[in-house]
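[1] model this:
(6 chains)
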6 protein chains.
Amino acid sequence: MVVLLVNGKFCKDPTLATAEDFYFTVLNQRKETNNPFGFNVTFGNVDNVPGLNTLGLSFARADVGVNGQVPPHYHPRASEILGVSEGTLLAGFVSDQRLFTKTLNVGDVFVFPQGVIHFVVNIGEVPAVAFASLNSQNPGTIFIADTVFGSNPSINPKFLAKAFQLDSTIIMKPRTIFV
Amino acid sequence: MVVLLVNGKFCKDPTLATAEDFYFTVLNQRKETNNPFGFNVTFGNVDNVPGLNTLGLSFARADVGVNGQVPPHYHPRASEILGVSEGTLLAGFVSDQRLFTKTLNVGDVFVFPQGVIHFVVNIGEVPAVAFASLNSQNPGTIFIADTVFGSNPSINPKFLAKAFQLDSTIIMKPRTIFV
Amino acid sequence: MVVLLVNGKFCKDPTLATAEDFYFTVLNQRKETNNPFGFNVTFGNVDNVPGLNTLGLSFARADVGVNGQVPPHYHPRASEILGVSEGTLLAGFVSDQRLFTKTLNVGDVFVFPQGVIHFVVNIGEVPAVAFASLNSQNPGTIFIADTVFGSNPSINPKFLAKAFQLDSTIIMKPRTIFV
Amino acid sequence: MVVLLVNGKFCKDPTLATAEDFYFTVLNQRKETNNPFGFNVTFGNVDNVPGLNTLGLSFARADVGVNGQVPPHYHPRASEILGVSEGTLLAGFVSDQRLFTKTLNVGDVFVFPQGVIHFVVNIGEVPAVAFASLNSQNPGTIFIADTVFGSNPSINPKFLAKAFQLDSTIIMKPRTIFV
Amino acid sequence: MVVLLVNGKFCKDPTLATAEDFYFTVLNQRKETNNPFGFNVTFGNVDNVPGLNTLGLSFARADVGVNGQVPPHYHPRASEILGVSEGTLLAGFVSDQRLFTKTLNVGDVFVFPQGVIHFVVNIGEVPAVAFASLNSQNPGTIFIADTVFGSNPSINPKFLAKAFQLDSTIIMKPRTIFV
Amino acid sequence: MVVLLVNGKFCKDPTLATAEDFYFTVLNQRKETNNPFGFNVTFGNVDNVPGLNTLGLSFARADVGVNGQVPPHYHPRASEILGVSEGTLLAGFVSDQRLFTKTLNVGDVFVFPQGVIHFVVNIGEVPAVAFASLNSQNPGTIFIADTVFGSNPSINPKFLAKAFQLDSTIIMKPRTIFV
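    Numbers count the residues shown, from 1 in each chain, chains lettered A, B, ... in the order given. Model prediction:
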């Protein structure tokens, strides 16, 4: 069987749409952050909020444990607004090799321009929670380490060694974590 | 003097940009809702967050007092995601004359498609707070009553009387509140 | 049966397209305006002119009887050019609560920016006819009174009473006309 | 002096905008068609209707004398809707080398997709008038004969002779009319 | 059977995509230019490189024989970058009836803005080869002579005679070459 | 002095434009690749080809020495077509953690979708040359290692150590090469 897809999602018959299609309710639930990076992201997008189809928006809740981080990543198709609702986060992004960082407390908001590599780190004493909105139905999220060091199959370690100017045995050691 | 404007905002010299340009900090402050409608909206956009320029995003905090409402309005250039952080709100919008409503508690999210008339009403016992993200740098906010009944100069009351099928003296009575 | 729709319309096989698909012929026919508002609009869009699919244009003829009006409405996805071919119309729109109006005679043209609330009123002695072009295949037309006071189900009259600062019994009286 | 231009037009200070900026009044005036092709086009765009700036629309009136034509041309940045208000026009366009034509009487409408070569010919007994709307602020109008045979400097006649498979002396004869 | 098409191409199931879908290998093969114009174009687009779907790019190789030309044409939906890899080409386009031309040797690059009529002529002693990239998945290519003089059915020769100010018998003589 | 910039580039007065503005001639010159990565890229964009302004295209020549590579990077605002004119390159990109690679010989073409991390490595015996076209006037080029490990100021090594699961002293050793 050949599967053919259209660009974008099919729409529900609008006469059958209900308010539930525009509604999402789990963002007040704390998530486990028990992993090597110490974070957990819950997405709200057209897959669980059908009414978002064609609207050009999606959102997320990020739980970041103490000392945890959402590691460096970028969204190829969206800018992001991040607001902190619990704890203290250090937010950072790099543009033209300049690093921009800011400590965010509850009620603070930070903006990540489309396509820049960014990260947030919990620099406080308690678990932190942030909410993000992205201006795309399908923003994409590309984590740097997973993509470069954890691809399937692996990028030739010799190539990566030159690219990152590190020994190839060193560079591939943590690979199992990223795959 | 003739003032000429470009479509959009000028950009700061990027070599002078700092993390402050991407940061906003007043969203954790409660606002007065002591007005006939019982609400107060604080906007974050390119005017107070210069880094938002060209990013296609803006955001807002809405305080809604007990029995208050953000009255019927629409954004001609943006869809909106609304999340509740305090209290209980009834959110509603009308599409093709069908009314979609949903009760939102803390952690609940609702979506308003671009251009639809929508409103939120505090149906709880305590002041409510919601945060909204909009996918435009300049979404526009058009309040129905202010625009139709409070324009300057007024739309001819005789015209409005026929449009709304109400007596023209009745329709113009609350005008002073909307102007 | 579940109906799934793609965003937009399917296209006819282009090898089967004919000149008829790009043609529309009923715009020279006068329409009845015997209703509470005194107008009648005939649309030309992809539903009756298949060749308009994907072109980003649609059009309309408006008949406006003596003392009639096309009541306040907006198009969330299109700007509009309106030209008068018979009679005299007063055209108006509100932007930032400022009212812009102009008397239009035969041959005069007026422009309504995307998303603004606008209306036209026959202020002459004879039936008026106007032609409009809109820069969207699917501009949407949202009549204010029908949407706010005639939705199904109704918006809670208590909420509307506060929003419009009118008594809730008064505001719901003409509802049957808008539903 | 070096002239630098921004892409697009400057905007008037919106607080100084008036209804006149959205208004155009000369479309009811007959124009001379006393030229080799027998037509005359009056444009309404941001140059004479400042309110059209950024709206994505422009319009035109075409007078076409008996036996006259608006010769083959295309708009690189707009689709077009054409409606006939006087006389009888034959409208045609070519897509994938297929010719689509239709006779248009008063009240008839025809659509020209973006970028296709099209033309209208007065095939009636009286002068014809048509109105066109285009979905671009700056649609561009490229007349084939003027562009190919009337450029300054001329395209090398030897190149044109091969391109059109005609003798180069023949092909350059009418050049003075197109320059 | 009625064929219905979506705007754009269906997508392959992404889990089945392979590197072959992003690869094209025939651009190093010389093509015959034995035709009245002396050129041959090989296109690379979504039809033979499925991975191009939705990317907004396509490309082409042009072989142009001695004295040959790619005759005047335009792309309604793309700008073009042309680079020469063999021989010497004269590239030209017309904008606002001004002719811009440039002699291109190996390694030279020239740009054709979206929608302008352009051409290249081999003005060297050897066959020439050029590579072009266009910023649309479906740029369209409209050859002027084929479209205006070779359509099916033909545009009325009397109309063309007036449009090009040539005798109608002369203008239709080479028609068989363009059909 | 405060520098204010418009989004995009100013346009030259079009009446002063010449064919030179659409022309670029240095792409046939071999470039040095004597650096730790073994590559050199020459860009053609609006800065050296003013006619590209607003056209949505730019291009580049890449010289890649023996054993050299264009290290992992992405373009946030453009897809890319790459064609090989000398030597043998291995091209690769990662999408959804899947690695797609292809060996490219002279005349072969490969496509990199917008926003994906990609690289090319010279796997042949001689220096390689490739030409690339990108569908943006300002595609952006973000090299992963330079951005993550060479930013100014540095991202906290402790954060990077956790993100890449490597020792922080190891990870910062090659920093001087990336800054």
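[2] can you list the weak-confidence ranges in chain A?
    A:1-4, A:7 (pLDDT under 70).
[3] contacting residues around the nearest residue to A:Q69 once chain neighbours are set aside?
    Nearest residue to A:Q69, sequence neighbours excluded (Cβ to Cβ, 6 or more residues apart in numbering or on different chains): A:V121, at 4.2 Å. The C-beta positions use only the backbone N, C-alpha and C, and glycine is treated the same way. Contacts for A:V121 (Cβ atoms under 8 Å, 6 or more residues apart in numbering or on different chains) come out as A:V64, A:G68, A:Q69, A:L89, A:L90, A:G92, F:N156, F:F159.
[4] which SSE is A:V121 in?
    Secondary structure assignment for A:V121, by DSSP states H and E: strand A:117-122.
[5] need the CA coordinates for that strand. PDB is fine.
    The C-alpha atoms that make up strand A:117-122 are tabulated as PDB, following Å, rounded to 0.1, in the frame of the first residue of the first chain:
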ATOM      1  CA  ILE A 117      19.500  28.000  18.600                       C
ATOM      2  CA  HIS A 118      18.200  28.500  22.100                       C
ATOM      3  CA  PHE A 119      18.000  26.800  25.500                       C
ATOM      4  CA  VAL A 120      16.600  27.300  29.000                       C
ATOM      5  CA  VAL A 121      18.300  26.200  32.200                       C
ATOM      6  CA  ASN A 122      16.700  25.900  35.700                       C
END
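[6] same for whichever helix or strand comes after that strand, what does it pack against?
    The element immediately downstream of strand A:117-122 (helix or strand, assigned by DSSP H and E) is strand A:128-134. Helices and strands touching strand A:128-134, by 3 or more Cβ pairs under 8 Å, 6 or more residues apart in numbering or on different chains; DSSP states H and E, are strand A:58-64, strand A:80-86.
[7] for the last one, which positions count as buried?
    Looking back up the chat, that one is strand A:80-86. A:E80, A:I81, A:L82, A:G83, A:V84, A:S85, A:E86 (16 or more other Cβ atoms under 10 Å in any protein chain shown).
[8] which stretches in chain A count as helices?
    In chain A, the helices defined using DSSP state H lie at A:144-149, A:157-164, A:168-172, A:175-178.
[9] of the ones you listed, which is nearest chain B?
    helix A:144-149 (20.2 Å; Cβ to the nearest Cβ).
[10] measure the residue nearest the centre of chain A to A:G56 for me?
    Nearest residue to the geometric centre of chain A (Cα atoms, centre = their mean): A:T141, 5.2 Å. Between A:T141 and A:G56 the computed distance is 17 Å (Cβ to Cβ, to the nearest Å).
[11] give me the domain ranges for chain A.
    A:32-140, A:142-179 (automatic domain parsing).
[12] count of neighbours near the nearest residue to A:G51 once chain neighbours are set aside?
    Distances taken as Cβ to Cβ, 6+ apart put A:F22 closest to A:G51, at 3.6 Å, once the chain neighbours are dropped. Each residue near A:F22 was counted by other Cβ atoms under 10 Å in any protein chain shown, and the total is 24.
[13] which residues touch A:F22?
    A:V49, A:G51, A:L52, B:F93, B:F100, B:K102, B:F110, B:V111, B:F112, B:P113.
[14] got those as a markdown table, with neighbour count columns?
    Listed next are those as a markdown table, based on neighbours: other Cβ atoms under 10 Å in any protein chain shown:
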| residue | neighbour count |
| --- | --- |
| A:V49 | 23 |
| A:G51 | 22 |
| A:L52 | 25 |
| B:F93 | 25 |
| B:F100 | 24 |
| B:K102 | 19 |
| B:F110 | 30 |
| B:V111 | 26 |
| B:F112 | 29 |
| B:P113 | 23 |
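[15] those in strands, which ones?
    Residues of those located in strands (DSSP state E): B:F93, B:F100, B:K102, B:F110, B:V111, B:F112.
[16] if I look at the first one, how far off is chain D?
    Relative to chain D, B:F93 is positioned 26 Å away (Cβ to the nearest Cβ, to the nearest Å).
[17] thought B:H118 was touching that residue, still the case?
    Yes: look at B:F93 against B:H118 with Cβ atoms under 8 Å: they come within range, at 3.7 Å.
[18] find residues that contact each of those two.
    Counting by Cβ under 8 Å, 6+ apart, the residues touching both B:F93 and B:H118 are B:F112.
[19] over to the residue nearest to the centre of chain A: give its phi and psi.
    As for A:T141, its main-chain torsions (degrees, to the nearest 10) stand at phi -140, psi 120.
[20] which residues does it contact?
    A:H73, A:Y74, A:H75.
[21] ok, so of these, who is nearest chain B?
    Within the contacts of A:T141, distances to chain B taken as Cβ to the nearest Cβ reach their minimum at A:H75, with 11.7 Å.
[22] that closest one and chain F, how far apart?
    8 Å.
[23] cool, and A:G44?
    Note on A:G44: its distance to chain F, by Cβ to the nearest Cβ, is 20 Å.
[24] with A:N53 instead?
    Taken as Cβ to the nearest Cβ, the span from A:N53 to chain F is 21 Å.
[25] could you check how far that residue is from chain C?
    According to Cβ to the nearest Cβ, A:N53 and chain C sit 8 Å apart.
[26] got it, and A:S58?
    Shown here: A:S58 relative to chain C, a distance of 16 Å by Cβ to the nearest Cβ.
[27] next, count neighbours for that residue.
    26.
[28] name whatever forms a beta bridge with it.
    Bridge pairing for A:S58 (DSSP bridges) gives the partners A:L134.
[29] just send the domains of chain A back as a markdown table, with distance to C:F164 too.
    Output for the domains of chain A, formatted as a markdown table (distance: least, Cβ to Cβ, whole Å):
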| stretch | distance to C:F164 |
| --- | --- |
| domain A:32-140 | 27 |
| domain A:142-179 | 49 |
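[30] any idea which of those domains is most buried?
    domain A:32-140 (a mean of 21; mean count of other Cβ atoms under 10 Å in any protein chain shown).
[31] A:L89 is in contact with A:V129, correct?
    No: contact criterion Cβ under 8 Å: A:V129 and A:L89 do not qualify, at 9.2 Å.
[32] any shared contact partners between those two?
    Jointly contacting A:V129 and A:L89 under the rule Cβ under 8 Å, 6+ apart are A:V64.
[33] find the closest residue to chain D in chain A.
    As assessed by Cβ to the nearest Cβ, chain D sits closest to A:G56 within chain A, at 18.4 Å.
[34] tell me the contacts of the closest residue to that residue other than its chain neighbours?
    Nearest residue to A:G56, sequence neighbours excluded (Cβ to Cβ, 6+ apart): B:N135, at 4.9 Å. B:N135 makes contact with A:L55, A:G56, A:L57, A:N135, B:G56, B:L57, B:A78, B:S79, according to Cβ under 8 Å, 6+ apart.
[35] same deal with A:I81?
    Here A:I81 is in contact with A:V109, A:F110, A:V111, A:A132, A:S133, B:L57, B:F59, B:S133 (Cβ under 8 Å, 6+ apart).
[36] how close does it get to B:L57?
    Counting by Cβ to Cβ, the gap from A:I81 to B:L57 is 5 Å.
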